[in-house]
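*Asks:* coordinates only, sequence not included:
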Ligand code: GDP
Ligand code: GDP
């Protein structure tokens, strides 16, 4: 469970948000390899500066509303305004520090004023980054942006890096003292309910709480405004996270409900197991896939619920066909159990808690070193590791170093020779030995010389 502070970059298109994002996270991405085989855009990543670590989010990549026009939006068009308003509002809700990025070369635009007007309503720290100011001769133009009324303005060049150090100092200084509030240590299994608007989250929540009427008490979560609710089922305590977030709706625009990636991120970082709801009638959308991808990255267990199954027209083939389709679309979550449910009628909701228990057990499962190395020996024998320039990748031994998620270290002669295909093969073989239902597993490859074996 990680509770890093969230730093959001907001601003109209083309001011350089994603360039700044890459600049801030750049050094780190070189070290940390992304989940192999997925091509999702990274909207957020962890960064470190001055010994502080935080998560930075490029709100420009967040699709906030349903059914947004996917045509490219010109920078200052009227059409774009609802979107930037919402992105700013989302940042205000869920970020700890907000950076408004503006184009220092073009000066203040109407859209910049729009964003600033929204951000002025927050009590959270806001910093202005006047970007594209490569030369110190241009720095004076940054003063103009004080007019936005948001506080300190930094002249930077995201492209070249000028001024970004000072900006990062200011960001780090503005971080809350400790974003890592203590979570209550108990045996409760923490469940997040995720999904886009109208998929049935609050209906499910009410059903789960209504049917297991043994609510311990609503407790304030660590996220501002978050209310967690506890319930007991067969002697096991479960905590439903951020139930206030599920119940609160339609805050920004009538008819448009916000779908906050930030909020989802914050919620699932406190969770053991996430229930990802998919609309059985509408099927998987890119937003669903996005949240699904976050689940893979955040080490949380996941169960996919195909909801509204009561109103899906079906015959004997519908379920397997549907499952195949969903599995194709959420291909990076092959390990997630899939349940066809109806929050409305209660159909198969009784499977949810047992499945959560199964996933939680899998997250904490340990393969013995003996079993693990038997699996390793067999898999190498069946399918030899990659070779390159006459050298073969060799495995010495493997050991499980962590749970939640289960993490395995393989000692090899040449870690750099490992490739995605073989890695996936190893993962599949481990899951043959034990399914690790609903949980990602991590494989690490460490170099080791043969003598030290
Ligand atoms: P976003 O839409 O706000 O995410 O903007 P991008 O990061 O995609 O940048 C938009 C354009 O501005 C791209 O062509 C970038 O190369 C350019 N750009 C970004 N940062 C700088 C900068 O510091 N200086 C200059 N001259 N161009 C920049
Ligand atoms: P949320 O926005 O994800 O919290 O979604 P809601 O729980 O508010 O549900 C949106 C709409 O879908 C409501 O009209 C619900 O009655 C309806 N709904 C939710 N779950 C089901 C279901 O399983 N079957 C049917 N037929 N309707 C559902």
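*Replies:* Perfect, I can see it now. All values derive from a computational prediction rather than experimental measurement. Ligands and ions are numbered 1, 2, ... in the order given.
*Asks:* neighbours around residue 432, how many?
*Replies:* Counted with other Cβ atoms under 10 Å, residues neighbouring residue 432 total 11. The C-beta positions use only the backbone N, C-alpha and C, and glycine is treated the same way.
*Asks:* assign it to helix, strand or coil.
*Replies:* helix (DSSP: H, G, I helix; E, B strand; the rest coil).
*Asks:* with adjacent residues omitted, what lies nearest to it?
*Replies:* residue 375 (7.8 Å; Cβ to Cβ, 6 or more residues apart in numbering).
*Asks:* give me phi/psi at that neighbour?
*Replies:* Backbone torsions of residue 375, given as degrees, to the nearest 10, read phi -60, psi -40.
*Asks:* and it, what does it touch?
*Replies:* Residue 375 makes contacts with 367, 429-430, 432-433, as judged by Cβ atoms under 8 Å, 6 or more residues apart in numbering.
*Asks:* in the stretch 301-450 of the chain, what residue is nearest ligand 1?
*Replies:* The nearest approach of the stretch 301-450 of the chain to ligand 1 comes at residue 332, 24.5 Å away (Cβ to the nearest ligand atom).
*Asks:* quick one, helices of the stretch 1-150 of the chain?
*Replies:* Along the stretch 1-150 of the chain, counting by DSSP state H, counting those that start in this stretch, helices occupy 17-31, 81-94, 110-119.
*Asks:* what's the closest of these to ligand 2?
*Replies:* Closest approach to ligand 2 among those is made by helix 81-94 (16.2 Å; Cβ to the nearest ligand atom).
*Asks:* report whether that closest one contacts ligand 1.
*Replies:* No - using Cβ under 6 Å from any ligand atom, helix 81-94 never reaches ligand 1; the gap is at least 10.8 Å.
*Asks:* now that helix and helix 110-119, what's the angle there?
*Replies:* Relative orientation of helix 81-94 and helix 110-119, computed by axes from the mean of the first three to the mean of the last three Cα atoms, to 10 degrees: 30 degrees.
*Asks:* mind giving me the packing neighbours of helix 81-94?
*Replies:* strand 5-10, helix 110-119, helix 261-268 (3 or more Cβ pairs under 8 Å, 6 or more residues apart in numbering; DSSP states H and E).
*Asks:* ok, which stretches of the stretch 351-453 of the chain are strands?
*Replies:* For the stretch 351-453 of the chain, applying DSSP state E, counting those that start in this stretch gives strands covering 387-388, 391-392, 395-402, 407-412, 442-447.
*Asks:* closest to ligand 2 out of those?
*Replies:* strand 442-447 (30.9 Å).
*Asks:* residue 320 - how many residues pack around it?
*Replies:* Number of residues near residue 320 (other Cβ under 10 Å) recorded here: 9.
*Asks:* that one - that's part of a strand, no?
*Replies:* No - applying three-state DSSP, one finds residue 320 to be helix, outside a strand.
*Asks:* next, the contact list for residue 444, please.
*Replies:* Residue 444 sits in contact with 401, 407-410, where contact means Cβ under 8 Å, 6+ apart.
*Asks:* picking up where we left off before, pick the most buried one from the helices and strands packed on helix 81-94.
*Replies:* Among the helices and strands packed on helix 81-94, ranked by average contacts under mean count of other Cβ atoms under 10 Å, first place goes to strand 5-10 (a mean of 26).
*Asks:* rounded mean pLDDT for that strand, please.
*Replies:* In this model, strand 5-10 has a mean pLDDT of 90.
*Asks:* returning to that earlier point: will you turn the strands of the stretch 351-453 of the chain into a markdown table that also has mean pLDDT?
*Replies:* Formatted as a markdown table, the strands of the stretch 351-453 of the chain follow (pLDDT from 0 to 100):
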| stretch | mean pLDDT |
| --- | --- |
| strand 387-388 | 92 |
| strand 391-392 | 93 |
| strand 395-402 | 91 |
| strand 407-412 | 92 |
| strand 442-447 | 90 |
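*Asks:* thanks a lot, catch you later.
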